[in-house]
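Asker: below are the sequence and a predicted model for it; my questions follow.
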Amino acid sequence: MTEKERQRMLELLADQAAFGLNDEESAELRMYMNQFPEWEDDNSFDLTAAAIGLAHLNATEPLPENLHKRLAIDAEQFFDSTKKARELLSSASKSEETVGGFTPQNVGDEIIAETKSPFWQWLGWAVAAAACIALAVNLSLTRFQKQPEIVQEPKTIQTPTPELTAVQKREQFLASAADKIQTIWTEAKPKGGEISGDVVWSNTKQEGYLRLRGLPANDPNKETYQLWIVDETQNEKTPVSGGVFDVQGNGEIIVPIDAQLKVIKPKLFAITKEKPGGVVVSSPEKIIAIAKI
């Protein structure tokens with residue numbers, strides 16, 4: 001076989017393993033196989049193509065058991081063949097040293113070419129095939145092995161803290177506000193009853209609560225109650241609005257104070273009855289309850 005024919009045969013074997021051959025190329029390869037039958041059982045190109053395919057495979061499932069075993073057996077066979085080839089080569093080298101006067105040069109250049117080339121060519125392909133098998137086995141053992149399961153700690157679900165009632169918030173306020181002030185309702189004689197209760201306030205917290213008993217229920221569609229805070233540092237004609245609220249029954253109610261501006265030194269709290277939603281500025285004749293400090 002000439003070098004050109006050998007290169008063409010190798011090219012056809014590589015194309016057959018990677019892409020497949022058409023009818024004309026297949027016939028050409030069979031011609032070479034008939035001339036050189038020792039290549040018919042060569043599968044190094046197929047193994048190389050398989051290894052390359054495995055290297056780019058997106059491994060999402062385990063390698064089938066039968067394929068895994070076949071790869072392992074082929075790898076063992078090829079490694080064993082390589083070992084035997086190396087032993088044969090070593091034995092040949094020792095024979096050259098021990099047989100008196102005999103060297104390959106004694107039999108001429110033609111004999112050297114015929115005896116060395118097929119052996120080295122076979123050894124080269126055996127090593128290449130063994131490397132491909134080793135690569136395939138390594139891929140199967142590393143990329144296709146079952147991934148360890150990550151056990152996650154169960155998430156602790158926190159039970160939401162229930163919203164405190166206005167009564168509970170007032171009790172916490174009384175227990176925590178060191179500068180709280182407290183005063184009772186006076187001059188409170190609205191139509192339909194008499195108001196009692198108190199006001200508590202903290203300048204530091206800017207927080208406070210109204211406690212009212214006897215304030216008549218109102219119709220939210222027609223009217224609402226509004227709290228006013230008279231601050232000594234501000235004009236008495238423009239008190240700070242403390243928010244609006246409604247009364248639905250005749251029992252005791254607790255109303256959080258919602259001051260629209262910062263209160264510095266309160267001196268009086270007043271309740272008026274206004275239109276729904278409240279007003280910006282009220283008038284003294286609308287006052288129905290007062291609590292002085």
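Answerer: Arrived safely.

Asker: name the SS class of residue 258, please.
Answerer: Classification of residue 258 by DSSP: H, G, I helix; E, B strand; the rest coil places it in coil.

Asker: need the contact list for residue 276.
Answerer: 220, 221, 222, 223, 224 (Cβ atoms under 8 Å, 6 or more residues apart in numbering). Where C-beta positions appear, they are placed from N, C-alpha and C, glycine not excepted.

Asker: ok, the second one to residue 274 distance?
Answerer: Taking Cβ to Cβ, to the nearest Å as the criterion, residue 221 is separated from residue 274 by 13 Å.

Asker: please identify which of those two sits among more neighbours.
Answerer: A count of neighbours by other Cβ atoms under 10 Å puts residue 274 above the other of residue 221 and residue 274, at 16 against 7.

Asker: quick check: chain neighbours aside, which residue is closest to that one?
Answerer: The shortest distance from residue 274 to any non-neighbouring residue, by Cβ to Cβ, 6 or more residues apart in numbering, is to residue 226 (4.8 Å).

Asker: strands paired with the helix or strand containing the one you found, and their directions?
Answerer: Using DSSP states H and E, residue 226 sits in strand 224-231. Partners of strand 224-231 in the sheet, by DSSP bridges, are strand 240-245 (antiparallel), strand 266-274 (antiparallel).

Asker: which residues does the shortest one contact?
Answerer: Contact with strand 240-245 is made by 210, 224-231, 234, 253, 255-261, 263, 269, 274, 277-278, 280, as judged by Cβ under 8 Å, 6+ apart.

Asker: what subset of these is buried?
Answerer: Buried members of these, scored by 16 or more other Cβ atoms under 10 Å, are 210, 224-231, 253, 255, 257, 259, 263, 269, 274, 278.

Asker: residues in contact with the residue nearest to residue 274?
Answerer: Here residue 226 is in contact with 241, 242, 243, 244, 245, 271, 272, 273, 274, 278, 279, 282 (Cβ under 8 Å, 6+ apart).

Asker: same deal with residue 267?
Answerer: Here residue 267 is in contact with 230, 231, 232, 292, 293 (Cβ under 8 Å, 6+ apart).

Asker: how close does it sit to residue 31?
Answerer: From residue 267 to residue 31 the distance is 117 Å (Cβ to Cβ).

Asker: and for residue 170?
Answerer: 104 Å.

Asker: higher neighbour count, those two?
Answerer: Neighbours per residue, other Cβ under 10 Å: of residue 170 and residue 31, the larger number sits with residue 170, 20 against 13.

Asker: surely that one meets residue 252?
Answerer: No. Using Cβ atoms under 8 Å, residue 170 makes no contact with residue 252, being 11.3 Å away.

Asker: need the overlap of contacts for those two.
Answerer: The contact sets of residue 170 and residue 252 overlap at residue 211 (Cβ under 8 Å, 6+ apart).

Asker: so what touches stretch 175-186?
Answerer: Contacts of stretch 175-186 (Cβ under 8 Å, 6+ apart): 173-174, 195-205, 207, 212, 266, 269, 289-293.
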